[in-house]
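Asker: Got a sequence here, can you build the structure:
(one chain, ligands or ions: 1)
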Amino acid sequence: MTPIHVVGGGLAGSEAAWQIAQAGVPVVLHEMRPVRMTEAHKSQGLAELVCSNSFRSDDANLNAVGLLHQEMRRLGSLIMASGDRHQVPAGGALAVDRDGFSDAVTAALEAHPLISIDRGEVAGLPPEAWDSVILATGPLTSPALAQAILDLTGETSLAFFDAIAPIVHRESIDMDQAWFQSRYDKAGPGGTGADYINCPLDRDQYEGFIDALIAGEKTSFKEWEANTPYFDGCLPIEVMAERGRETLRHGPMKPVGLTNPHRPEKPYAVVQLRQDNALGTLFNMVGFQTKLKYGAQSAIFRMIPGLQSAEFARLGGLHRNTYLNSPKLLDPTLRLKAQPRLRFAGQITGCEGYVESAAVGLMAGRFAAAERLGHPLRPLPHTTAMGALINHITGGHIETIDEGPRSFQPMNVNFGLFPPLERAPKSPDGKRLRGAEKTRAKKQALTDRARADLADWLGESAVQVAAE
Ligand SMILES: Cc1cc2nc3c(=O)[nH]c(=O)nc-3n(C[C@H](O)[C@H](O)[C@H](O)COP(=O)(O)OP(=O)(O)OC[C@H]3O[C@@H](n4cnc5c(N)ncnc54)[C@H](O)[C@@H]3O)c2cc1C
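Answerer: Numbering: from 1, shown residues only. Have a look, this model is predicted:
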């Protein structure tokens, strides 16, 4: 059987190669280290963790990443099995001994009879003779390959200093203070004229906010990041605030073209949030890219009226990143629409995090292997953690209605990506739930539904394979 080629032996590529081989299909895994290193990797081990050693919460009932762990274990994940074997104590989180973990992944892949590992850079588009390829080269994809992908996709940018604005769960925004309206009620393509959530600040609130931004604790640039320019038009808000106290009021916080229905006086400044996913459960803070530390971000952004109880699906940040405009470029099985022999996996698809990268690698591997074996796989239900994540990448995110830098941003798995429940859960005696109890019951209902739907999908896939 002709092998499938996987480029990049990180979290996603290692998992993809494993899944392909376990399905009985030969695979060549191309990893450029140690021949050529990235700015962050330090070893030649496969699945090296470049920063923290945490896979985050392992709670499969109340946490979306914990559910993702559970789903991956059910699907025979090498990354999860190796993580479980090399776990170190970390409370409710799954943290791992990074060397033991990477050594275990490397050893398992080297020992597999259907996997061969080629240590070398793929420095351009893979040769035509490779009819099925998974590109899993990560946020630090080598420049030659990044350029080739850029040329192929016709995008204007692929690798840039990525400015990430915080994303807020819609249901945590206080609509008694905020309101829906587009600036000047402009509908724009695909809009209604009331597409943004607006949070008003009076003068004192604005001044207090600027003081907090300037005083807030910031993360410093890593040495290798220092020379990368800011992504055009994406200065961090604290840098803007330092340039002048009025800068933000004339930039992302300008109060023009907006009327607060809750109060007669004109707002002094307004923070706008834009819908981030097709479900309408997540909203991003427009123009609020930041290098403030996470703790400072939560505290300072909750000073904004309407966001006092905001729950963040992700906080802002800035780092060099290479990722595709996947909702536009990829099909539901992660193939490049323009050249379907190429599949993408891992952080380059616009997911964020070790576990998410491995999860997308897992499905890319399964899709590619099933295709090679002649029984293409149905995409996962969007109600599962893996299905919700892949749906977000391949279509769930909606493009901004404004011109400007692309709005698709790397995303961790979170409950905001799941389709809402059809009915709100009630207490055992049929009463409506409130507050923390309601939140807990909703999360439990979402994870119960995910488990049931994954079991159905697994059953159907097994039946489908057996029938063919
Ligand atoms: C500096 C930094 C810190 C991060 N910290 C965290 C964190 O603490 N926690 C977290 O959850 N996530 C973190 N991330 C995000 C993300 O989870 C990791 O980058 C993760 O490793 C992504 O997995 P991946 O498989 O997509 O890419 P990687 O794990 O980076 O794997 C890509 C592999 O491809 C290889 N490669 C690149 N180009 C080529 C080529 N042309 N030919 C052959 N091989 C190639 C690379 O050497 C690498 O081994 C961080 C990212 C960065 C950049």
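
Asker: going forward, measure contacts and count neighbours with C-alpha atoms only.
Answerer: Fine.

Asker: give the contact list for the nearest residue to residue 392 once chain neighbours are set aside.
Answerer: The shortest distance from residue 392 to any non-neighbouring residue, by C-alpha to C-alpha, 6 or more residues apart in numbering, is to residue 417 (6.8 Å). Taking C-alpha atoms under 8 Å, 6 or more residues apart in numbering, we find residue 417 in contact with 277, 279, 281, 282, 388, 389, 392.

Asker: Report the residue spans of the chain with pLDDT below the cut-off.
Answerer: Counting by pLDDT under 70, the chain contains low-confidence ranges at 91, 156-164, 188-191, 220-234, 319-320, 396-407, 461-468.

Asker: can you list the residues of it near the ligand?
Answerer: Residues of the chain found near the ligand (C-alpha under 6 Å from any ligand atom) are 7-13, 30-33, 37-38, 40, 47, 49-52, 120-123, 136-139, 141-142, 145, 346-348, 352-354, 357.

Asker: how about the strands in the stretch 301-450 of the chain?
Answerer: 312-314, 317-322, 335-336, 339-344 (DSSP state E, counting those that start in this stretch).

Asker: Redo the ones you listed as TSV? Include mean neighbour count.
Answerer: TSV is the format used below for these (neighbours: other C-alpha atoms under 10 Å):
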stretch	mean neighbour count
strand 312-314	20
strand 317-322	21
strand 335-336	22
strand 339-344	20
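
Asker: quick one: which of those is nearest residue 376?
Answerer: strand 335-336 (12.7 Å; C-alpha to C-alpha).

Asker: Please name every helix or strand in contact with that closest one.
Answerer: Under the contact definition 3 or more C-alpha pairs under 8 Å, 6 or more residues apart in numbering; DSSP states H and E, strand 335-336 sits against strand 339-344.

Asker: send the alpha carbons of the strand it packs on over as PDB?
Answerer: Output of strand 339-344 as PDB, limited to C-alpha atoms (Å, rounded to 0.1, in the frame of the first residue of the first chain):
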ATOM      1  CA  GLN A 339      -5.500  20.600  -3.300                       C
ATOM      2  CA  PRO A 340      -7.300  17.800  -1.500                       C
ATOM      3  CA  ARG A 341      -4.200  15.500  -1.400                       C
ATOM      4  CA  LEU A 342      -3.000  17.900   1.400                       C
ATOM      5  CA  ARG A 343      -4.600  17.700   4.800                       C
ATOM      6  CA  PHE A 344      -3.700  20.000   7.700                       C
END
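
Asker: Off-centre distance for it?
Answerer: Centroid displacement of strand 339-344 relative to its chain, using C-alpha atoms, centre = their mean, to the nearest Å, is 20 Å.

Asker: I figured residue 178 was touching residue 199, is that so?
Answerer: Yes - in this structure, residue 178 is within contact of residue 199 by C-alpha atoms under 8 Å, at 4.7 Å.

Asker: which residues do the two both contact?
Answerer: Both residue 178 and residue 199 are contacted by 305, 306, under the criterion C-alpha under 8 Å, 6+ apart.

Asker: if we can go back for a sec, out of the contacts of residue 417, which are buried?
Answerer: Listed as buried from the contacts of residue 417 are 277, 279, 281, 282, 388, 389, 392; burial here means 16 or more other C-alpha atoms under 10 Å.

Asker: Tell me which of those fall in helices.
Answerer: With DSSP state H as the criterion, helices contain 388, 389 from among the buried ones among the contacts of residue 417.

Asker: Of the buried ones among the contacts of residue 417, just say which sits nearest to the ligand.
Answerer: In terms of C-alpha to the nearest ligand atom, no member of the buried ones among the contacts of residue 417 lies closer to the ligand than residue 389, at 14.1 Å.

Asker: how far away is that closest one from residue 171?
Answerer: Between residue 389 and residue 171 the computed distance is 20 Å (C-alpha to C-alpha, to the nearest Å).

Asker: got it, and residue 326?
Answerer: Taking C-alpha to C-alpha, one finds residue 326 at 26 Å from residue 171.

Asker: more neighbours, these two?
Answerer: Neighbour totals were compared for residue 326 and residue 171, and residue 326 leads with 23 against 15 (other C-alpha atoms under 10 Å).

Asker: just checking, that one touches residue 349?
Answerer: Yes - because the distance of 5.8 Å satisfies C-alpha under 8 Å, residue 326 is recorded as touching residue 349.

Asker: Give me the common contacts of those two.
Answerer: Joint contacts of residue 326 and residue 349 (C-alpha under 8 Å, 6+ apart) are residue 393.

Asker: Tell me, how many residues neighbour the residue lying closest to residue 235 once chain neighbours are set aside?
Answerer: Using C-alpha to C-alpha, 6+ apart and skipping the chain neighbours, the partner closest in space to residue 235 is residue 289 (7.1 Å). As a burial measure, residue 289 scores 21 neighbours (other C-alpha under 10 Å).

Asker: what separates residue 289 from residue 275, distance-wise?
Answerer: To residue 275, residue 289 is 16 Å away according to C-alpha to C-alpha.

Asker: What helices and strands are in contact with the helix ranked longest in the chain?
Answerer: In the chain, assigned by DSSP H, the helix with the most residues is helix 435-467. Counting contacts by 3+ C-alpha pairs under 8 Å, 6+ apart, helix 435-467 packs against helix 64-74.

Asker: quick one: buried residues of the helix it packs on?
Answerer: Across helix 64-74, burial judged by 16+ other C-alpha under 10 Å covers 64, 65, 66, 67, 68, 69, 70, 71, 72.

Asker: residues making contact with it?
Answerer: Contact with helix 64-74 is made by 56-61, 80-81, 355-356, 359, 362, 385-386, 413-415, 447, 451, 454, as judged by C-alpha under 8 Å, 6+ apart.

Asker: what do you get for stretch 203-214?
Answerer: Residues outside stretch 203-214 that contact it (C-alpha under 8 Å, 6+ apart): 237, 238, 241, 242, 245, 268, 269, 300, 303, 304.

Asker: What of stretch 246-258?
Answerer: Applying C-alpha under 8 Å, 6+ apart, the contact partners of stretch 246-258 are 181-185, 237, 240-241, 267-272, 286-288.

Asker: Swap in 6 Å and give it another go.
Answerer: Under the contact criterion C-alpha atoms under 6 Å, 6 or more residues apart in numbering, stretch 246-258 has outside partners 183, 184, 269, 270, 271, 287.

Asker: Then stretch 380-400?
Answerer: So stretch 380-400 is contacted by 68, 277, 278, 326, 327, 330, 332, 407, 413, 417, 418, 450 (C-alpha under 6 Å, 6+ apart).

Asker: Determine which two of these are furthest apart.
Answerer: Distance extremes for the contacts of stretch 380-400: the farthest pair is 407 and 450 at 27.9 Å, using C-alpha to C-alpha.

Asker: So for those two, which sits in the more crowded spot?
Answerer: Applying other C-alpha under 10 Å to residue 407 and residue 450 shows that residue 450 carries more neighbours, namely 24 against 20.

Asker: Quickly note the distance from the closest residue to the more buried one other than its chain neighbours to residue 129.
Answerer: Closest residue to residue 450 apart from its sequence neighbours, by C-alpha to C-alpha, 6+ apart: residue 384 at 4.3 Å. Distance from residue 384 to residue 129, counting by C-alpha to C-alpha: 35 Å.
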